[in-house]
Each structure stands twice: as C-alpha cells, then as structure tokens.
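Student: Got a predicted model here, sequence first, then my questions.
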Protein chains: 2
Amino acid sequence: MLHDPAQLDLMFQALADPARRQMVDRLSRGPASVSQLAEPLAMSLSAVVQHLNLLEASGLVRTQKVGRVRTCQIDPRALRAAEHWINERRLSWERRLDRLGDFLAES
Amino acid sequence: MLHDPAQLDLMFQALADPARRQMVDRLSRGPASVSQLAEPLAMSLSAVVQHLNLLEASGLVRTQKVGRVRTCQIDPRALRAAEHWINERRLSWERRLDRLGDFLAES
DNA sequence: GCAACACTGAAGCATTTGCTTAACTATTGC
DNA sequence: GCAATAGTTAAGCAAATGCTTCAGTGTTGC
C-alpha cells in the first residue's frame, strides 16, 4: 500500500513544500496540535490546515481529534517508504559504479 | 552546500514529479542521453529538457555535453542528502518513542 | 555542402498550488 | 447560557507548474 506509485507521488509532493517539511520537522520532535503546528509559520491557520490535509493524505502524518483539538503525529512507515525509494536508486547507481571499478581493475 | 535549505527545497521539488522520478529511476541504472531519457515518456523532447534542467538545478543529476549529445548521470551525494533529511526526522521520532517505552516500562 | 540528428529556447496556455478572507461548527470553561 | 477556543470549509485569486508548438543552434555522416 505504501509503496504504490500513487502514494509515493503524494509523499514526495507533500515533502516538496518548505512549510510542510517544517511541519514534519516539528512533528519529528513529538506530537502537536494544529495550532501548535501553525505557531512558527507565517500564515493563517486555514493555510496550515490545508497543508496538514495534504500531509495526512500522503500518509506522512496521522491525526486524531479529541474534543476540539486535533493531535498530529508522524507515521514513520511513510517516511521509511520515501527513504527507501531514494535509497534503492542510489544503491543501484553505486553498485553499478563498483562493478565498473572492478572491471577496470581487472583489465 | 548540499544541506542548505534552498538546495533541499529544489531536490524535494524535483522528486515530487512522477516524470522526473522516472528519469532518476532510469539514470540509476546508468547514464543516458536526453533522447534516451525521453524515450519512455509520453511527452515532447522539449518538456523532457525542462524537467532535466530542474533535476540539474537541484543537484540530483549532472550532465555533460560531448558533440551534440548531452549525457546525464545521477549525483549520489544529492540523493544522500535527501535521504538524510528524511532519515533524521524518522530517527528523531523513533528515538522519542523508545524513550517513552522505557519510561512506561520503568513505572 | 547539406540533410538528418540531438538538442535548446521562447512564447503561450490550461491546470494546479498556496495562499487569503470570511462565514461556519463543535468544545470547553466559567 | 455564552464567550472564548480550536478547527473547518468554501470562494477567490495571483503565481507557479507542466506541458505544447515552433523556430532556432550546433554536430555529424555521407
């Protein structure tokens, strides 16, 4: 589910925005309410909610509402999926370089 | 240089587009010319060049022109920088969970 | 020389994005 | 009950994005 291209698309798109990355950064230090997430950001609460909805749709963040406060937290599995995509490509490239090195050493 | 927020911004933005990720994926298997990159994509060569310029500006891809063909290859350092950003946030979150677990076990 | 090739750059255009404001709903504290 | 709090939703708008086409430039092969 987390590795399907559509979800990956949403994740990288979510991470593309500086404000959203700042929100993820904040959440990496612990759960926060919407207002707490908004506090360091120079934009309306409404804008923050829109960013948050994207983050949630991407799977990077999970939220639950208790009373009137919505508490947000990171879902590390989604972060791991994004990490994994990048890592695989980098390793693929580096393994290729290694093989090339071996080949040149042999000849 | 690779870790400054502006560069990180460009990298994640570059990775946000499916066509550009497909190009990175292709390049992870080895260098390619612009036309080779374009071949599997359902868009004009001109569009591919525009994507490529973004990838290059982000630092993810390096290119060099020999004669009339521009050969592209991945720069693994940029991939590593993006990977690193995600990894740090995930680890930060997971360490927090661990400490919480320890605390609960103690009490 | 000159045609085919491999791009490159600019202009234009529809769509998407990242906000804003304003009006609204649902909780909470007193 | 009712004001303050916490968030939600919709409408609107300027700017950015992802294309397109078309008209180039420089390179290569014959």
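Tutor: Perfect, I can see it now.

Student: Any residue of the helix or strand of chain A with the lowest mean pLDDT touching chain B?
Tutor: Taking mean pLDDT, DSSP states H and E as the measure, the helix or strand of chain A with the lowest value is helix A:76-106, at a mean of 89. Yes: using CB under 8 Å from any CB of the partner chain, helix A:76-106 reaches chain B at A:76, A:79-80, A:82-83, A:85-90, A:92-94, A:96. To be clear about C-beta, it is placed using only N, CA and C from the backbone, and glycine gets the same treatment.

Student: What is that helix packed up against?
Tutor: For helix A:76-106, the packing partners by 3 or more CB pairs under 8 Å, 6 or more residues apart in numbering or on different chains; DSSP states H and E come out as helix A:5-15, helix B:18-28, strand B:69-74, helix B:76-106.

Student: Give the other helices and strands that the shortest one contacts.
Tutor: In this case it means strand B:69-74. Strand B:69-74 packs on helix A:76-106, helix B:18-28, strand B:32-33, helix B:34-38, strand B:61-66, going by 3+ CB pairs under 8 Å, 6+ apart.

Student: so what's the closest residue to A:Val34 other than its chain neighbours up against?
Tutor: Take A:Val34 and drop its neighbours on the chain: the residue closest to it by CB to CB, 6 or more residues apart in numbering or on different chains is A:Arg70, 5.2 Å away. Applying CB atoms under 8 Å, 6 or more residues apart in numbering or on different chains, we find A:Arg70 in contact with A:33-34, A:63-64.

Student: Repeat the analysis, applying 7 Å as the threshold.
Tutor: A:Arg70 makes contact with A:33-34, A:63, according to CB atoms under 7 Å, 6 or more residues apart in numbering or on different chains.

Student: Give the ChimeraX command for selecting the buried subset of those.
Tutor: In ChimeraX syntax, the buried subset of the contacts of A:Arg70 is picked out as below (16 or more other CB atoms under 10 Å in any protein chain shown):
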select /A:33,34
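
Student: Now render the contacts of A:Arg70 as a markdown table, adding pLDDT.
Tutor: Listed next are the contacts of A:Arg70 as a markdown table, based on pLDDT from 0 to 100:
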| residue | pLDDT |
| --- | --- |
| A:Ser33 | 98 |
| A:Val34 | 98 |
| A:Thr63 | 98 |
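
Student: Please produce CSV containing the contacts of A:Arg70, extended by distance to A:Val24.
Tutor: Shown next, in CSV, are those (distance: CB to CB, whole Å):
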residue, distance to A:Val24
A:Ser33, 16
A:Val34, 14
A:Thr63, 13
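
Student: out of the contacts of A:Arg70, which touch DNA strand D?
Tutor: Applying CB under 7 Å from any atom of the strand to the contacts of A:Arg70, one finds that A:33-34 fall near DNA strand D.

Student: What is the nearest of the contacts of A:Arg70 to chain B?
Tutor: A:Thr63 (14.9 Å; CB to the nearest CB).

Student: In contact with the closest one, which residues?
Tutor: A:56, A:70-72.

Student: So what's the residue count around the spatially closest residue to it that is not a sequence neighbour?
Tutor: Of all residues not flanking A:Thr63 in the chain, A:Cys72 sits nearest, at 4.6 Å (CB to CB, 6+ apart). Applying other CB atoms under 10 Å in any protein chain shown, we find 21 residues neighbouring A:Cys72.
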